[in-house]
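Peer 1: give the three-dimensional model of this entry:
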Amino acid sequence: MFSGPPADPAAPTPPTGSGTSSFGPDRSSPGPGTTATPPGLASAGAPADAATIALAAAGLLALLIALVGPGLAARGTGELRIPGAGLTTLLRTVLFTALAVHLGELLAPQLIRPVRSRPRTAVRSWSLYAALAGAAAAAGQIGQLAAVSGLGITETYATRDGGLLLLIANGLVLAALCAVSKRPALALAPLAVVIGAEAIRAHPEAYSPETGAALTVIHLTAASLWTGGLLYVLRTMWLWRGSPVAARALLGRYARLAIWLYVALAATGTASTLRRLPLDVVFTSAYGRTLLVKLALMAVVSALAVAARRRMLRDTDPAVAHRLARREQAVLGAVVVVSAILTVVPDPHGISLRP
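Peer 2: Alright, predicted model coming up:
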């Protein structure tokens, strides 16, 4: 799918067998009577097949977590069952992923442009497909809402959630149109509307919904830029593996930005938790249990990010840092699924004994 190597740039680096890095120029030369192998073809065999299998397995695992996660989190809590919670989680996972991919593709080129002596090749854009997938996920939520509530589609549009989901779907369609235009950066406007509408939809509670929506706007934006930006950077580093200096510089520029995104995530996440989760139901509510899983995953992400930054500063070859960042990306994928579950489980105030 990419303009460059046939293997997935975000997939694990194929083993070389000789201990050499996958980054750096190819110093091998063909012997007499042999034909030189074009760059990238050496990794298109069994290692690429193994990477494909690993990605498929990860996708199936994410699907399973999305479908059964809400039910497992709510088991034994006494909270009301949410109809279609598994499907809703899956659709919101697709929506959040679409936002991350599209915003990441708008951010990463700004990091790439100042890199000196960089290759003139660029990875192929996924923003069109991401926006269309996100729009389909929003439309799917409208259909599910209509089925659960017993309303027609037109009547569903008139409800609070139905109207906001329609706004989200239309915003993503506009973003898709911008992605194929001569000015793809125009997609920032409809994507901002999508994030705002999702933030409002996520806070129907009576207690300070404006504050909750504002926190969600910042949190969702930072999370999308972090996850989507890292994906684009990793794909570009793989394409640039013959230019390790440029690849290392790109990862360094992203790492400096990621620090501020992490601060924004930590601040808004803490404020949202203190606002929404009563302390007496941390372990006895689906929301509290899911949040604890998310915090554990974020701790792993933080450790991998710090390790990748240290190796990047220590080594001139970015191969090890790239491998650690790929693992960080994989765990961030799990965080996206768990975050979707958080938007589906019941408000924990319903079982809290605190006034």
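Peer 1: what's around the nearest residue to Phe283 once chain neighbours are set aside, how many residues?
Peer 2: Counting by CB to CB, 6 or more residues apart in numbering, Arg289 is the residue found nearest to Phe283 once chain neighbours are left out, at 6.8 Å. Quick note: C-beta positions are derived from backbone N, CA and C, even for glycine. Neighbour count of Arg289, defined by other CB atoms under 10 Å: 22.
Peer 1: roughly how far apart are Arg289 and Leu231?
Peer 2: As judged by CB to CB, to the nearest Å, Arg289 and Leu231 stand 28 Å apart.
Peer 1: and what of Ala223?
Peer 2: Applying CB to CB, the value for Ala223 to Leu231 is 13 Å.
Peer 1: between these two, what contacts are shared?
Peer 2: Listed contacts common to Ala223 and Leu231 are Ala100; contacts here mean CB atoms under 8 Å, 6 or more residues apart in numbering.
Peer 1: now the element after the helix or strand harbouring Leu261, going C-ward?
Peer 2: Per DSSP states H and E, Leu261 falls inside helix 244-276. Per DSSP H and E, the first helix or strand lying C-terminal to helix 244-276 is helix 286-314.
Peer 1: buried ones in that next one, by neighbour count?
Peer 2: The neighbour-count check on helix 286-314 (16 or more other CB atoms under 10 Å) flags 286-291, 293-294, 297-298, 300-301, 304-305, 307-309, 311-312 as buried.
Peer 1: using PDB, write out every CA atom in the helix or strand following that helix.
Peer 2: As assigned by DSSP H and E, the chain's next helix or strand after helix 286-314 is helix 319-342. Below are the C-alpha coordinates for helix 319-342, written out as PDB (Å, rounded to 0.1, in the frame of the first residue of the first chain):
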ATOM      1  CA  ALA A 319      16.900   0.700  14.700                       C
ATOM      2  CA  VAL A 320      16.500  -0.100  18.500                       C
ATOM      3  CA  ALA A 321      14.500   3.100  19.100                       C
ATOM      4  CA  HIS A 322      12.300   2.300  16.100                       C
ATOM      5  CA  ARG A 323      11.600  -1.200  17.500                       C
ATOM      6  CA  LEU A 324      10.700   0.200  20.900                       C
ATOM      7  CA  ALA A 325       8.500   2.900  19.300                       C
ATOM      8  CA  ARG A 326       6.700   0.100  17.400                       C
ATOM      9  CA  ARG A 327       5.900  -1.600  20.600                       C
ATOM     10  CA  GLU A 328       4.700   1.700  22.000                       C
ATOM     11  CA  GLN A 329       2.400   2.000  19.000                       C
ATOM     12  CA  ALA A 330       1.000  -1.500  19.600                       C
ATOM     13  CA  VAL A 331       0.100  -0.700  23.200                       C
ATOM     14  CA  LEU A 332      -1.400   2.600  22.200                       C
ATOM     15  CA  GLY A 333      -3.700   0.500  19.900                       C
ATOM     16  CA  ALA A 334      -4.900  -1.300  23.000                       C
ATOM     17  CA  VAL A 335      -5.400   2.000  24.800                       C
ATOM     18  CA  VAL A 336      -7.700   3.200  22.000                       C
ATOM     19  CA  VAL A 337      -9.900   0.100  22.400                       C
ATOM     20  CA  VAL A 338     -10.000   0.500  26.200                       C
ATOM     21  CA  SER A 339     -10.800   4.200  25.800                       C
ATOM     22  CA  ALA A 340     -13.800   3.200  23.600                       C
ATOM     23  CA  ILE A 341     -15.000   0.900  26.400                       C
ATOM     24  CA  LEU A 342     -14.900   3.900  28.800                       C
END
